[in-house]
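Asks: predicted coordinates and the sequence they were generated for:
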Amino acid sequence: MYNTFSLLFFPMKNKATSDGKAPIYLRITVNGKRSQLSIKRKINPEKWNYEAALAIGNSLEAKELNYYLDAIRFKLYGIQKKFLDDDKIFSALDIKNRYIGKSENQKMLLNIFQEHNDKVEQLIGKDFAAGTAERYRTAKKHVEDYIKLEYKCDDIPVNNVDHKFISGLEYYLKTVRNCSHNTAIKYITNFKKIVRIAYANDWIDKDPFYHWKSRLKIVDREFLTKEEIELFIEKKLHTPRLDQVRDIFIFCCFTGLSYSDVKKLTKSNLVLGIDGEMWIKTFRTKTDTPSNIPLLPTAMAIINKYKNHQEVINKEVLLPVLSNQKSNAYLKEIADLTGITKNLTTHLARHTFATTITLSNGVPIESVSKMLGHKSLKTTQHYAKILDRKVSEDMAILKSKLGLASDEHINYRKL
């Protein structure tokens with residue numbers, strides 16, 4: 001089929017700005033049907049030759065503009081030739097889309113992200129935890145907001161994602177969204193999976209993350225000391241709700257279970273172990289890895305305390321656990337009452353189990369890792385680093401007590 005094809009550049013007078021300049025538009029016509037776009041240049045309409053569709057004069061500005069117009073014409077005629085060579089029927093819109101880098105087969109970034117998130121939602125409880133789905137939703141929202149702010153549009157082609165986009169997203173998360181370094185990196189890691197999906201499907205020619213390097217910063221996690229645990233347990237509390245939250249927190253301190261893992265426990269998770277003692281056997285909500293924990297007397301006592309609780313009976317759960325938001329709020333109230341200045345959260349109990357309860361008392365790191373349900377021993381080794389620091393501090397105190405502030409002139413016979 002023969003296609004009539006023409007191009008026309010013209011200044012859009014009704015969009016002229018206060019300085020008298022109007023944006024130049026390109027009109028593409030194929031078989032009498034039009035499509036147009038701005039070429040991102042402006043000119044005073046009085047300096048435009050409407051018959052020749054060129055800027056008037058020999059000034060440097062006019063020459064540069066006319067060269068630019070010729071370059072656009074050359075590219076558009078090349079696009080038309082490609083359609084003809086491929087014997088494809090095309091429209092003015094097809095020419096425009098090919099020129100601006102958008103085609104029928106082109107994949108849009110946020111569309112890919114949403115398709116991925118929809119699949120994750122459908123696999124909650126099978127391959128993904130609800131928290132994972134929530135993080136992907138949040139990551140997509142951050143990318144969407146960044147595109148609107150930086151690119152002034154609702155979506156971009158996935159092949160427009162480059163190193164500059166990734167670096168800009170990281171900067172946006174740390175400044176506009178006020179995310180910490182580690183939080184920003186985790187969101188970008190979520191986004192990285194989407195880009196890798198595009199790369200694996202040949203929707204992009206190269207991986208823009210190839211030269212992107214960023215590492216999580218090691219954060220020293222807080223935990224309660226033996227003395228703080230005792231203070232926490234012995235403190236008289238004035239309401240049953242505070243007492244209940246305190247008990248669940250202590251249960252986590254002596255089992256290493258996270259809030260979500262404790263909340264989903266049922267009596268079926270309480271089993272008789274190979275040693276004849278009671279164990280908790282479950283799968284971690286976050287990683288779906290097995291977590292098998294022999295119950296210490298303190299944890300067992302808390303289970304017995306609440307075995308006749310109305311919620312335990314009605315919902316067939318092992319313990320009556322309040323919402324995470326309420327639990328954290330009550331924990332801060334208990335911290336104020338006990339004088340503990342650390343930021344008490346439900347997750348701090350898990351750190352306390354790894355450090356004060358187990359590693360500090362000589363439990364091998366391999367056993368601690370298995371009870372915590374870690375996939376890698378490296379994750380557990382971070383707690384060992386915390387203990388190294390604690391050992392250093394304790395030895396400094398010992399050194400001070402022994403009067404060994406200086407290594408000079410020490411009489412070793414007196415030690």
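Replies: It's in. Numbers count the residues shown, from 1 in each chain.
Asks: correct me if wrong: F90 contacts F83.
Replies: Yes. Judged on C-beta atoms under 8 Å, F90 makes contact with F83 at a distance of 4.3 Å. Backbone N, C-alpha and C define where each C-beta goes, glycine included.
Asks: which stretches of the stretch 301-415 of the chain have low pLDDT?
Replies: 385-390, 393, 403-415 (pLDDT under 70).
Asks: brain fart, the chain
Replies: Applying pLDDT under 70 to the chain flags the ranges 1-3, 102-106, 219-220, 385-390, 393, 403-415.
Asks: what ranges does it have for its strands?
Replies: Along the chain, counting by DSSP state E, strands occupy 5-11, 22-30, 33-43, 48-49, 54-55, 270-272, 278-283, 290-294.
Asks: I95 is nearest to which of these?
Replies: Comparing the strands of the chain against I95 with C-beta to C-beta, the closest turns out to be strand 22-30 (5.1 Å).
Asks: partner strands of that closest one and their direction?
Replies: When pairing is defined by DSSP bridges, strand 22-30 lines up against strand 5-11 (antiparallel), strand 33-43 (antiparallel).
Asks: and the spatially closest residue to K42 that is not a sequence neighbour, backbone torsions?
Replies: Nearest non-adjacent residue to K42, counting by C-beta to C-beta, 6 or more residues apart in numbering: K21, 4.0 Å away. With angles defined as degrees, to the nearest 10, K21 sits at phi -90, psi 140.
Asks: next one: S18
Replies: Phi and psi for S18, reported as degrees, to the nearest 10, are phi -60, psi -20.
Asks: neighbours of it, how many?
Replies: 5 (other C-beta atoms under 10 Å).
Asks: again, but for the one 4 residues further on
Replies: Here the number of neighbours of A22 (other C-beta under 10 Å) works out to 18.
Asks: with S180 instead?
Replies: Per other C-beta under 10 Å, the neighbour tally for S180 reads 12.
Asks: from H142, how far out is the residue nearest to it when sequence neighbours are not counted?
Replies: Spatial nearest neighbour of S180, excluding adjacent residues (C-beta to C-beta, 6+ apart): K174 at 7.9 Å. K174 is 11 Å from H142, where distance means C-beta to C-beta, to the nearest Å.
Asks: next: F128.
Replies: F128 is 19 Å from H142, by C-beta to C-beta.
Asks: T29 now?
Replies: 41 Å.
Asks: which one's more surrounded, those two?
Replies: The neighbour comparison of T29 against H142 (other C-beta under 10 Å) goes to H142, with 21 against 16.
Asks: which residues sit in contact with that one?
Replies: Residues near H142 by C-beta atoms under 8 Å, 6 or more residues apart in numbering: L169, Y172, L173, R177, Y187.
Asks: so which of these wins on neighbours?
Replies: Using other C-beta under 10 Å as the neighbour criterion, L173 leads these with 25 neighbours.
Asks: shouldn't it be in contact with H181?
Replies: No. L173 is not in contact with H181 according to C-beta under 8 Å; the separation is 9.4 Å.
Asks: against S327, how distant is I397?
Replies: 34 Å.
Asks: who has more neighbours, those two?
Replies: S327 (23 against 9).
Asks: test my guess that I79 contacts N97.
Replies: No. Counting by C-beta under 8 Å, I79 sits too far from N97 to count as a contact (9.7 Å).
Asks: anything in contact with each of these two?
Replies: If you check I79 and N97 against C-beta under 8 Å, 6+ apart, no residue is contacted by both.
Asks: which strand residues bridge L37?
Replies: L26.
Asks: how about it, what does it touch?
Replies: Residues in contact with L37, defined by C-beta under 8 Å, 6+ apart, are Y25, L26, K96, Y99, I100.
Asks: that one and Y77, how far apart?
Replies: Separation of L37 from Y77 (C-beta to C-beta): 16 Å.
Asks: how about I194?
Replies: With C-beta to C-beta as the criterion, I194 and Y77 are 36 Å apart.
Asks: ditto for D86
Replies: For D86, the distance to Y77 - C-beta to C-beta - is 15 Å.
Asks: who has more neighbours out of these two?
Replies: Higher neighbour count among D86 and Y77: Y77, with 13 against 8, using other C-beta under 10 Å.
Asks: quick one: I248 and S327 touch, right?
Replies: Yes. Proximity of I248 to S327 meets the contact threshold set by C-beta under 8 Å, at 6.9 Å.
Asks: any residues in contact with both of the two?
Replies: V321, T346.
Asks: so what are the domain limits for this protein?
Replies: Following automatic domain parsing, one finds the domains of the chain at 5-99, 109-200, 226-399.
Asks: span of the longest one from start to end?
Replies: If I follow you right, that is domain 226-399. Chord length of domain 226-399, first to last residue, is 22 Å (C-alpha to C-alpha, to the nearest Å).
Asks: and N292, bridged to which residues?
Replies: Under DSSP bridges, the beta-bridge partners of N292 are K281.
Asks: and it, how far from T345?
Replies: From N292 to T345 the distance is 25 Å (C-beta to C-beta).
Asks: out of these two, which sits in the more crowded spot?
Replies: T345 (18 against 13).
Asks: just checking, that one touches A329?
Replies: No. Assessed by C-beta under 8 Å, T345 is found out of contact with A329, at 10.3 Å.
Asks: contacts only, for A130.
Replies: Contact partners of A130, counting by C-beta under 8 Å, 6+ apart, are I124, T285.
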